[in-house]
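Chemist: Structure, please.
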Amino acid sequence: MGKPTGFLEYGRCENSHRPIGERIKDFKELYVSQSEAVRKEQAARCMNCGVPFCQSAIELKGMVTGCPLHNLIPEWNDEIYHENIAYALNRLRKTNPFPEFTGRVCPALCEKACINGFDGEAVCVHDNEKFIIEKAFELGLMTPQVPKVCSGKRVAVVGSGPSGLALADMLNRRGHEVCVFEREDMPGGLLMYGIPNMKLDKKIIRRRIRLMKEEGVSFHTNMNVGEDISFEELKEHFDAVALCTGSKKARSIFEGDSGIEGVDYAVDFLSEITKRLMLDVPLPDLHGKKVIVVGGGDTGNDCCGTVVRLGCADVVQLEMMPEPPETRGEDNPWPEWPKVKKTDYGQQEVMFVEGHDPRRYKTTVESVDLEEGVLKAVHTCLVDMTPNGPAKVEGSDQVLECDLMLIAAGFVGIEDYVKEMTGLETTRRNTFKTLPLHYRCGEEDKVFAAGDARRGQSLVVWAIHEGLECAKEIDQFLMGYSNLE
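Modeler: Numbering: from 1, shown residues only. As a prediction, the model looks like this:
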């Protein structure tokens, strides 16, 4: 425990965001890092609990609270306080291979379980994590760790999102030859082409990929398994195959929505913006345009922030669920995940530009108006949630003018061609079916699955967890034992 009275002496002080009026003019990262002195004080707030819920990942009432990676949070907070960055890095990397990602995009399940949040404000675990890894890069501590012994085993990883990268990193460190196949032109999966630049600058991903290459992982981009190389070829030439293809089949909200001019799936839209930024080509001009975002989650928020930067005149965000409360209810006590209203950066930016909250709760799309195949308006209605699903509130119909509708309604499992290409059995959630509590796709097969492709749409931190656990199982399969922790 860095300072026994730290939690009494210092209040919570998060990393701030750049001023809204400044940041909506570009796609640079939102965050403003604090000084080492502030970070030391924030680390001193950690109480080093006897039973640290922050690293527990316990499930309460169907929702997880605490870190799925079981990060050794009290340990590295203590090292920050004592200014031992190398030791802090050692404890952090013990459980988390990519803290530069989670330190930016994770919703901080750890903080929701921090005991300081019981009757006060949680420790800034998220910001402390980012501080450690960025300071480590700055000090030259993040050097290539090339495995000293090679196993002679070859593993193919299909997909280079967070689960694929975590799996590849761990198996490479074990001494296996790892080849990652990615259909896009750059590795990173949704980290690269799904999360906007202002939340995760792409140079951060490229920096990590360079390091992994120096450590021995090989990346094959523009390689679409099923087209450029067959699934059968992978099984023939590799000792194990890991499917980390993600859960990328977008949920449709009405039949034919993807074929309408002016309607786009959110991740496709965000990916296109990222690609244009990287190629330094003109971005879409949305000045004077009315935009409707369907979906109230993180991706919907990212869409709000993106269209504001593109100059749109009006943003409406539709959310089918009721508006959450501002504070915890009595039936939602600590350390449960807090079911409270969250106003994120994108919504804050819309409020700054337009003077109102873009969100409309308990609202869904009924139909659209087209003019020569081009979207012109969207018909919405209110819904009540019933045991049988959402029910329309009669007389609540409304017509909204619309030039662009972005569908951010989530995903429904693996893409159709991936399912057909592998021929593997899938679950009711349209994810790869594995042995119970395991990652192998069948008793005798050398094929494994991890991340959203196995778990379904989830968080980056869960994808990393899946990749690490799958790596251990593949290592056991290849070697007959595993010393991976």
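
Chemist: what's the neighbour count on residue 275?
Modeler: Look at residue 275: counted by other CB atoms under 10 Å, it has 15 neighbours. No exception for glycine: its C-beta is placed from N, CA and C like everyone else's.

Chemist: Equivalent analysis for residue 103, please.
Modeler: When neighbours are counted by other CB under 10 Å, residue 103 registers 24.

Chemist: Please name every helix or strand in contact with the strand or helix carrying it.
Modeler: Assigned by DSSP states H and E, residue 103 belongs to helix 99-105. With contacts taken as 3 or more CB pairs under 8 Å, 6 or more residues apart in numbering; DSSP states H and E, helix 99-105 sits against helix 125-138, helix 202-215, helix 460-479.

Chemist: ok, now how distant is residue 423 from residue 442?
Modeler: 11 Å (CB to CB, to the nearest Å).

Chemist: neighbour-wise, which of these two wins?
Modeler: For residue 423 versus residue 442, neighbours defined as other CB under 10 Å are more numerous around residue 442 (13 against 8).

Chemist: surely residue 160 meets residue 179?
Modeler: No - judged on CB atoms under 8 Å, residue 160 makes no contact with residue 179 at a distance of 10.9 Å.

Chemist: Would you mind telling me which of these two has the busier surroundings?
Modeler: In terms of neighbours (other CB under 10 Å), residue 160 is the more surrounded of residue 160 and residue 179; the figures are 30 against 18.

Chemist: Spatially, and excluding backbone neighbours, which residue is closest to residue 351.
Modeler: residue 357 (5.7 Å; CB to CB, 6 or more residues apart in numbering).

Chemist: Need the single longest strand in the protein, by residues.
Modeler: strand 374-386 (DSSP state E).

Chemist: Quick check: which helices or strands does it pack against?
Modeler: Right, strand 374-386 is packed against strand 363-371, strand 389-392, strand 398-401, strand 404-407 by 3+ CB pairs under 8 Å, 6+ apart.

Chemist: Only the buried residues of the first one, if you could.
Modeler: Residues 363, 364, 365, 368 are the ones in strand 363-371 that count as buried (16 or more other CB atoms under 10 Å).

Chemist: Quick one: mean pLDDT over it.
Modeler: When pLDDT is averaged over strand 363-371, the result is 94.

Chemist: where does this structure dip in pLDDT?
Modeler: Scanning the chain for pLDDT under 70 picks out the ranges 1.

Chemist: Could you tell me how many residues sit around residue 280?
Modeler: Neighbours of residue 280 (other CB under 10 Å): 6.

Chemist: how does this structure divide up, domain by domain?
Modeler: 6-138, 154-248+412-479, 257-407 (automatic domain parsing).

Chemist: Which residues are in contact with the closest residue to residue 243 other than its chain neighbours?
Modeler: Nearest residue to residue 243, sequence neighbours excluded (CB to CB, 6+ apart): residue 449, at 4.4 Å. Neighbouring residues of residue 449 by CB atoms under 8 Å, 6 or more residues apart in numbering: 242, 243, 244, 424, 431, 432, 434, 439, 441, 470.

Chemist: Of all the helices and strands packed on strand 374-386, which one is nearest residue 186?
Modeler: When the helices and strands packed on strand 374-386 are compared by CB to CB, strand 404-407 sits nearest residue 186, at 23.1 Å.

Chemist: Could you double-check that residue 452 lies in contact with residue 459?
Modeler: No - if you go by CB under 8 Å, residue 452 and residue 459 don't touch, sitting 9.5 Å apart.

Chemist: Between these two, tell me which one has more neighbours.
Modeler: Each of residue 452 and residue 459 has its neighbours counted (other CB under 10 Å); residue 452 has more, 29 against 19.

Chemist: which ones are touching the more buried one?
Modeler: 161, 163, 246, 247, 248, 411, 431, 458, 463.

Chemist: How about residue 56: what's its closest non-neighbour residue?
Modeler: Nearest in space to residue 56, with sequence neighbours left out and distances taken as CB to CB, 6+ apart, is residue 66 at 3.7 Å.

Chemist: Okay, the one you found and residue 115: tell me how far apart.
Modeler: Taking CB to CB, one finds residue 66 at 11 Å from residue 115.

Chemist: Tell me the residues that contact both of those two, please.
Modeler: By CB under 8 Å, 6+ apart, residue 66 and residue 115 have these common neighbours: 53, 54, 335.

Chemist: Helix, strand, or coil at the second one?
Modeler: Using DSSP: H, G, I helix; E, B strand; the rest coil, the structure places residue 54 in helix.

Chemist: Skipping adjacent residues, who's closest to it in space?
Modeler: Per CB to CB, 6+ apart, closest to residue 54 is residue 110, 4.3 Å.

Chemist: do the same with the first one
Modeler: For residue 53, the nearest residue in space outside its immediate sequence neighbours is residue 113; the separation is 3.9 Å by CB to CB, 6+ apart.

Chemist: where does the one you found fall, phi/psi-wise?
Modeler: Note on residue 113: its backbone torsions stand at phi -100, psi 0 [degrees, to the nearest 10].

Chemist: ok, now which ones touch it?
Modeler: Going by CB under 8 Å, 6+ apart, residue 113 touches 53, 54, 56, 58, 65, 66, 334, 335.

Chemist: Can you tell me which of these has the most neighbours?
Modeler: Ranking the contacts of residue 113 using other CB under 10 Å puts residue 54 first, with 30 neighbours.

Chemist: Surely it and residue 67 touch.
Modeler: Yes - the criterion here is CB under 8 Å, and residue 54 meets it with residue 67 at 6.4 Å.

Chemist: Specify the local secondary structure of the residue at the greatest distance from the centre of the chain.
Modeler: Of all residues in the chain, residue 395 has its C-alpha farthest from the mean position, at 38.2 Å, by CA atoms, centre = their mean. Secondary structure for residue 395, judged by three-state DSSP, is coil.

Chemist: Now do it against residue 211, distance only.
Modeler: Distance from residue 395 to residue 211, by CB to CB: 59 Å.

Chemist: need the contact list for residue 21.
Modeler: Counting by CB under 8 Å, 6+ apart, residue 21 touches residue 352.

Chemist: Report whether it is found in a helix, as I expect.
Modeler: Yes - counting by three-state DSSP, one finds residue 21 located in a helix.

Chemist: what about residue 481, how many residues close to it?
Modeler: 8.

Chemist: whoops, residue 251 was the one
Modeler: If you count neighbours by other CB under 10 Å, residue 251 ends up with 16.

Chemist: my read: it touches residue 408, true?
Modeler: No - using CB under 8 Å as the test, residue 251 is too far from residue 408 to be in contact (9.2 Å).

Chemist: give me the number of residues near the spatially closest residue to residue 49 that is not a sequence neighbour?
Modeler: Excluding its sequence neighbours, the residue lying closest to residue 49 (CB to CB, 6+ apart) is residue 115, at 5.3 Å. When neighbours are defined as other CB under 10 Å, residue 115 has 20 of them.
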